[in-house]
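Participant: turn this into a structure:
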Amino acid sequence: MNAPTKITEVTPQVITFHLDGKPIEAFEGESILKAAERSGVCIPHLCYKDGLRADGNCRACVVEIQGERTLAPSCCRSATAGMQVKANSERALKSQKMVLEMLLSDMPDVGYKWNDAEPTNNPGQHGELSDWAARLGVTVRPALQALRRSQPQADVSHPAMAVNLDACIQCNRCVRACREEQVNDVIGYALRGAHSAIVFDLDDPMGDSTCVACGECVQACPTGALMPKTLVGSQAVDKKVDSVCPFCGVGCLLTYNVKDNTIVSVDGRDGPANHSRLCVKGRFGFDYAASPQRLTVPLIRKAGVPKDPEMLNHLNRDTADWSEVFREATWDEALELTAGTLKGLRDKHGSKSLAGFGSAKGSNEEAYLFQKLVRTGFGSNNVDHCTRLCHASSVAALLEGVGSGAVSNQVNDVEHSELIFVIGSNPTANHPVAATWMKNAAKRGAKIVLADPRVTDIGKHAWRTLQFKADTDVAMLNALIHVVIEEGLADQDFIARRASNFEALRDNVKGYSPEAMAPICGIPAQTLREVARAFATAKSAMVLWGMGVSQHVHGTDNARCLIALVTVTGQIGKPGSGLHPLRGQNNVQGASDAGLIPMMFPNYQRVTNTAAHGWFEQFWNARLDAQPGYTVVEIMHKALAPDSDPHKVRGMYIMGENPAMSDPDLHHARHALASLEHLVVQDIFMTETAWLADVVLPATAWPEKTGTVSNTDRMVQLGKQAINPPRQAKPDLWIIQQIAQRLGPHAPHSVSSLPPEGAQPSLGRPGAGLDGPHAPHSVSSLPGSARPLACGYEGEFDGVAEVYEEMRQAMHAAIGGITWERLQRESSVTYPCLGADDPGSPTVFIDDFPTPDGRVQLVPADIIPANERPDAEFPFVLITGRQLEHWHTGSMTRRATVLDALEPIATASLCGDDLLALGLEPGDVITVKSRRGEVALHVRRDDGTPKGAVFMPFAYYEAAANLMTNAALDPFGKIPEFKYCAVAIRRGGTPGRSGYATEVAH
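Facilitator: Residues are numbered from 1 along each chain as shown. Prediction:
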């Protein structure tokens, strides 16, 4: 990738002032408190917290400033040159101690320090207040304690948090955290004087409020007035371990608090993607790792027990007994059966007879090693993962158009945007911390445009909402491009210097005027013109999109239009502008980078690229298939191919994926999985896919492993092992290596020497995926080559760091400067990063694009209708997606007690007009049916869902939305049409129930 031009930053001026007689340096505009902290001087403070706006209301931080009559709050008073400040003068100390004593006198007799499981009987345990009181030697006089306020009752109505306002000092940190950081506007400060109090919404119990349980208030609270209910044990923890959130692609850094090998709480860490913020999943979704349903011993299917895909339709994930189907086995027996059977199928039927599904929920190292095993051990490129079901069409369009499948700008770069265009994404539910940056930008004056068939919560902050008819993305986007070009708003200089094929795009959109497209997409022509003008004339405009764009048969065309929109307006290659497909899972970006896709080697080197193919054959010392492998959906088709098909897939190895829940048309997918001669599933739970396996291998959960992941912002981030796995569960890397050693090589590459150090084709630009080589990137510091392979491995890797180092060599032009040692120091480094001193490149494409000619390749797009349209029999459109509390197929989050308590049952959302027309009330049971399947579940009112549509999350096995979805593929990205299929709705039915939901209901 091109070396981006560095953006010049203005260094703040440094001034000097005196604190307690000593000279202190401060940045211009910096507060006295911050400057003192940096210099190692501690001034007591309670209402101030780093990251929150200074408020100055507690007065615990007051200092004496020479020449001023009154004491000043140091947290919100800027230091000035020559200022004389006393924090330890008699007057200042007396005031500080008085504030602490008065606040302490109102505290209850028991304490609620935030990481207590139970209130303590030690009256000193009031968090930061007690800490400062102890440091200043403050004790409470009985006379003051006798005047203590009447203590309010505790509010324990919320599943995740307890409210103990008897410990509240009204510092307002929770208000600022909720309103200004997370922008959820739930917590307020009500009433006056002695009656003033913290309230939720209109003084509702917390559990009845609109709280989304991000826990920002808990992290902000200094006394335990707000605290998690999920804690166990005493306030003392055994250790704190830094890691990365295992859920969405935002990649929030966090710290696990561990006691007795159990995670008892989670803190947000000041990482570049989250700056200490978390969402409900990151904060409270950690105890899935301690679920009693964890797989802890290898399992082998009992002889004579058939694979019945229909049983999954009646399976209760929480109560089903695997011992009726499987028997326990030793690791040696399970591994010998796994590798021996796969090897037998390969040797008898050829390399195309095997396939592997890796996971975007694991580490980069696991993804790299898994794809290497499939390519070198199975002998084909039949390896894929869930990115095929998420952003494959986005990546196809990006590789074609800008030469890179990664984002051009990071999410929090919206700070520099004048206009933020969010399309096909529900960020407040799917990427909640990313959504906070958008909401923060809106509060500062940026214009958010929400384009989506559903009006989601981000719409509350939008300047304009384009609620277009489902499936009409191309019509709407081409209309915007039409306005930009026809009204002379195009950036002709940018187009002339940096774009190709503009004339074809211009000619194509001539027929897409807003007036012609308005009846098709449902957006008034004047609104389309207004948005197009605003986008084109903004100093900076950024596009962020989700799977609402990609999961269509025209998903690649949707992304092509977005690329064209930013190109013709010149809104790319600068701060606050560009293209950002929001990644859904924690390592979708990293797994793709590492080569866990069927048409690309690591770092997006096409398997059909002769130079890249030869390089990897030498690097891995194995003969490699020169043709792309099958994708997820195609592999399912091949599993059902007739025996006469030489490429019939007969055996599969699935690590951390659950296609029996995540694939479209589940009847077809489950039938395909059950038809395999040998299926090996490696996971932490008995997923729906595992029930169809021949061998089930117990693996490690994210908190039980060390490894790297790459987030949606192109940040490689290190997570460290916090707890030990249960019983015989083993690290995924160990399992992969054990299978590789037993499988043996497909065909060794007969070469006498490995490639020279750093001589890697097409790697000058990460994500390029070009068909011809660039000049190799020569780096003398590379240690050499990969391990010689015996299908991968001549011996065991010594550890994660060794696997990472080999991966770094294979992806040197992207992450060459990100050594393991650097990650241990910094936790997070942005790529492309080519050297030890390279800080990484948050913004790319500043000078050119990593395409053959360095220019954007514009590709015109025309309207292609959905594969299946509503009709008289199936009059509604089904839209699937995620919800805030649950993630992916729910195998993890539905086993997290707080998350499942918040959303225990499956629901389908309809607007009020459709409910009225169908004679339904919220809470009624309905049956949703497509041409492929049906489910019964409860209905919920959501007026953001358009008339004629029904929205369903796909995390509920008892109401699996993908039983109904359409497996029709985008011809370029090979991604299924999850976001559009025709369904019918009728009253009644018998909804399935999970075991935990039943417990909650009772």
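
Participant: contact partners of stretch 294-307?
Facilitator: 322, 324-331, 333-335, 337, 673-674, 683-686, 690, 692-699, 701, 726-729 (C-beta atoms under 8 Å, 6 or more residues apart in numbering). C-beta here means a position set from N, CA and C on the backbone, and glycine is covered the same way.

Participant: swap the cut-off to 7 Å and go again
Facilitator: Applying C-beta atoms under 7 Å, 6 or more residues apart in numbering, the contact partners of stretch 294-307 are 322, 325-331, 334, 337, 674, 683-686, 692-698, 726-729.

Participant: swap in stretch 191-204?
Facilitator: The contact list for stretch 191-204 (C-beta under 7 Å, 6+ apart) reads 165, 168, 170, 174, 186-190, 206, 209-211.

Participant: buried ones among the residues you listed?
Facilitator: Among the contacts of stretch 191-204, the ones that count as buried by 16 or more other C-beta atoms under 10 Å are 165, 168, 170, 174, 186-188, 206, 209, 211.

Participant: columns secondary structure, distance to residue 399 and pLDDT on top of the residues you listed, output as TSV?
Facilitator: Output for the buried ones among the contacts of stretch 191-204, formatted as TSV (DSSP: H, G, I helix; E, B strand; the rest coil; distance: C-beta to C-beta, whole Å; pLDDT from 0 to 100):
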residue	secondary structure	distance to residue 399	pLDDT
165	helix	55	93
168	coil	54	95
170	coil	54	95
174	helix	45	98
186	coil	42	98
187	strand	45	98
188	strand	48	97
206	helix	47	97
209	coil	45	97
211	coil	42	97
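
Participant: reformat these as a markdown table; add distance to residue 714.
Facilitator: Listed next are these as a markdown table, based on distance: C-beta to C-beta, whole Å:
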| residue | distance to residue 714 |
| --- | --- |
| 165 | 43 |
| 168 | 42 |
| 170 | 42 |
| 174 | 33 |
| 186 | 33 |
| 187 | 34 |
| 188 | 38 |
| 206 | 37 |
| 209 | 37 |
| 211 | 33 |
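
Participant: shouldn't residue 167 be in contact with residue 107?
Facilitator: Yes. In terms of C-beta atoms under 7 Å, residue 167 counts as a neighbour of residue 107; the distance is 6.0 Å.

Participant: which neighbours do the two have in common?
Facilitator: Taking C-beta under 7 Å, 6+ apart as the criterion, residue 167 and residue 107 both touch residue 126.

Participant: on that earlier part again, pick out the most distant pair among the contacts of stretch 191-204.
Facilitator: Of all pairs drawn from the contacts of stretch 191-204, the widest gap by C-beta to C-beta lies between 170 and 210 and measures 21.7 Å.

Participant: how about low-confidence regions in the stretch 851-1000 of the chain?
Facilitator: Low-confidence regions of the stretch 851-1000 of the chain, defined here as pLDDT under 70, cover residues 993-1000.

Participant: mind listing the strands for it?
Facilitator: Counting by DSSP state E, counting those that start in this stretch, the stretch 851-1000 of the chain forms strands over residues 856-857, 876-881, 907-910, 925-929, 934-941, 949-953, 966-969, 976-977, 981-987, given from the N-terminal end onward.

Participant: tilt between the last one and strand 949-953?
Facilitator: Yep, that's strand 981-987 we're talking about. Here strand 981-987 runs at 90 degrees with respect to strand 949-953, directions being taken by axes from the mean of the first three to the mean of the last three C-alpha atoms, to 10 degrees.

Participant: partner strands of strand 981-987 and their direction?
Facilitator: Based on DSSP bridges, the pairing partners of strand 981-987 within the sheet are strand 876-881 (antiparallel), strand 925-929 (antiparallel).

Participant: right, and these - which one's nearest residue 800?
Facilitator: Between residue 800 and the strands paired with strand 981-987, the shortest gap by C-beta to C-beta is with strand 876-881, which sits at 33.6 Å.

Participant: for that closest one, what is the distance to the chain centroid?
Facilitator: 22 Å (C-alpha atoms, centre = their mean, to the nearest Å).
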